[in-house]
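Novice: Just to be clear, the model below is a prediction. Sequence and coordinates:
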Amino acid sequence: MSTQLGPTAMDRSGNDFFDLEEVEVLAKKKLPKPVYDYYAGGADTESTVRDNRAVYGRYRLLPRYMVDVSHCDLTYHLLGRKLSMPIIVAPMSQQRMADDEGELAVARAVAKEDTAMVLSTMATQPLEDVATAGKDGPLQLFQLYVIKDRAFCKRLIQRAAKAGYAGFMVTVDAPRLGNRISDERNKFSLPPGMEISNLSGLVKGGQEAKGDSSSHIVRVFQEQVDASLTWEFVKWMRDVTKLPIFVKGILSPEDARKAVDAGVDGIVVSNHGGRQLDYSPATLDMIAPIRAAVGHRVLLLMDGGIRRGTDVLKAIALGADAVMLGRPVLYGLALQGEEGVRKVLQMLRRELTLAMQLAGCTSLQTITQSLVLPFGVGVHLGHASKL
């Protein structure tokens, strides 16, 4: 079934791309403006969106040579499962606007590339169907927005566990939605026939929360998402499930320490893609301080601005165990469906392999903080002689 916002298969011809910046340029031409703006946009001035990307230019790579890099191992283990690379698909909402199969196509692509994905609570395909689509992959996680109605929240957790999700990623940075001006300007709405599938049983005032318009989505957050969330929730969740729990949206080293004290299994350094609090720090800048705060007591993932293999290399060097890739996956999906998502993942894996070889790294374990330099260290000295 086609929708009024999604590109058709015929539209995909000629939409070849050669890097993850180009894929966005092409997707912008293909997607309806309200959909592209929803995917690409951020909060208020979108300063954090821009800084998430610009921050990678503030670090330089210091390579080491005379190393045998004829073989480069990108293998990464997450929760005991072997992945082909330290690159995971981040949770992203409403993927059927990019392609009618949406999350199902992404799940199949991720499984074929032998890595992991995180499914959003705000998905446009039921979590059970997505689990089935990705059943041949290493693992899937489920991202959880904490609903005030704890009975509903408990059922959602139990549904995900029964469907085979290997753990949960609790979003902690969205007690309210950020001020996304482009969505208001575009009067953004989901097309007919789409709904926020995992919230279809959420009842408020006798009406199901089907997410049929942006104002309704905002209303669902205001009325249903728990703005009083505290670290006590982790204890409550431990009584509901024994599966691993990550918290997503941590930027403060102090919050990272509190997360560890609360008993989480992993932390995701994230600013929600710049869609929540504008002028919050770029995530790459916060990896090293948070790693220093928590040591290696928990897994440390990050997202935000990843577009190049060298970006992944820098994030791991600064202390991340793995990275999560967001918007480029949506753009690949919009251009070429499942195959577009696979191409995005393959491209980033090839770039990371090459970057590691050029830097003298043969495995993820050989990537250390000595590889990265803040911009200006060793650079200004070279310029000084020319002044």
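Specialist: In hand now; what should we look at? Numbers count the residues shown, from 1 in each chain.
Novice: quick one: the strands in the stretch 251-387 of the chain?
Specialist: 266-269, 299-303, 322-325, 372-374 (DSSP state E, counting those that start in this stretch).
Novice: I misspoke; the intended subject was the stretch 1-150 of the chain.
Specialist: Per DSSP E, counting those that start in this stretch, the stretch 1-150 of the chain carries strands over the ranges 59-61, 76-78, 81-83, 87-89, 116-119, 139-144.
Novice: now the last one, how far from the chain's geometric center?
Specialist: Between the mean C-alpha point of strand 139-144 and the mean C-alpha point of its chain there is a distance of 11 Å (Cα atoms, centre = their mean, to the nearest Å).
Novice: Quickly run through the sheet partners of it, with directions.
Specialist: Take DSSP bridges as the rule and strand 139-144 pairs in its sheet with strand 116-119 (parallel), strand 168-171 (parallel).
Novice: Comparing these, which comes out most buried?
Specialist: strand 116-119 (a mean of 27; mean count of other Cβ atoms under 10 Å). In this view, the C-beta of every residue, glycine as well, is placed from N, C-alpha and C.
Novice: now that one: how far from the chain's centre is it?
Specialist: Worked out by Cα atoms, centre = their mean, strand 116-119 lies 9 Å from the chain centre.
Novice: hmm, back to that, how about the strands of the stretch 251-387 of the chain, which one is nearest residue 54?
Specialist: strand 372-374 (13.9 Å; Cβ to Cβ).
Novice: what helices or strands is the closest one leaning on?
Specialist: The helices and strands touching strand 372-374, judged by 3 or more Cβ pairs under 8 Å, 6 or more residues apart in numbering; DSSP states H and E, are strand 59-61, helix 309-318.
Novice: For residue 199, find the nearest of the ones you listed.
Specialist: Ranking those by proximity to residue 199 (Cβ to Cβ) places helix 309-318 first, at 31.9 Å.
Novice: Now tell me what touches the closest one from outside.
Specialist: 56, 59, 61, 86-87, 284, 287-288, 291, 302, 305-306, 322-323, 348-356, 359, 361, 364, 367-369, 371-372 (Cβ atoms under 8 Å, 6 or more residues apart in numbering).
Novice: same question, stretch 234-242
Specialist: Residues contacting stretch 234-242 (Cβ under 8 Å, 6+ apart): 150, 154, 157-158, 161, 168, 170, 245, 247, 259, 262-264.
Novice: Would you map the helices across the stretch 251-387 of the chain?
Specialist: 253-262, 283-294, 309-318, 327-359, 380-384 (DSSP state H, counting those that start in this stretch).
Novice: which residue is nearest the centroid of the protein?
Specialist: The residue lying closest to the centre of the chain (Cα atoms, centre = their mean) is residue 90, at 2.5 Å.
Novice: okay, it: pLDDT?
Specialist: On the pLDDT scale, residue 90 is placed at 98.
Novice: ok, back up a step: distance to residue 231, mean neighbour count and mean pLDDT added to the helices of the stretch 251-387 of the chain, as TSV?
Specialist: Shown next, in TSV, are the helices of the stretch 251-387 of the chain (distance: least, Cβ to Cβ, whole Å; neighbours: other Cβ atoms under 10 Å; pLDDT from 0 to 100):
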stretch	distance to residue 231	mean neighbour count	mean pLDDT
helix 253-262	4	17	98
helix 283-294	14	21	98
helix 309-318	26	24	98
helix 327-359	30	23	98
helix 380-384	43	9	45
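Novice: picking up where we left off before, will you turn the strands of the stretch 1-150 of the chain into TSV that also has distance to residue 49?
Specialist: Below are the strands of the stretch 1-150 of the chain laid out as TSV (distance: least, Cβ to Cβ, whole Å):
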stretch	distance to residue 49
strand 59-61	19
strand 76-78	27
strand 81-83	28
strand 87-89	19
strand 116-119	20
strand 139-144	20
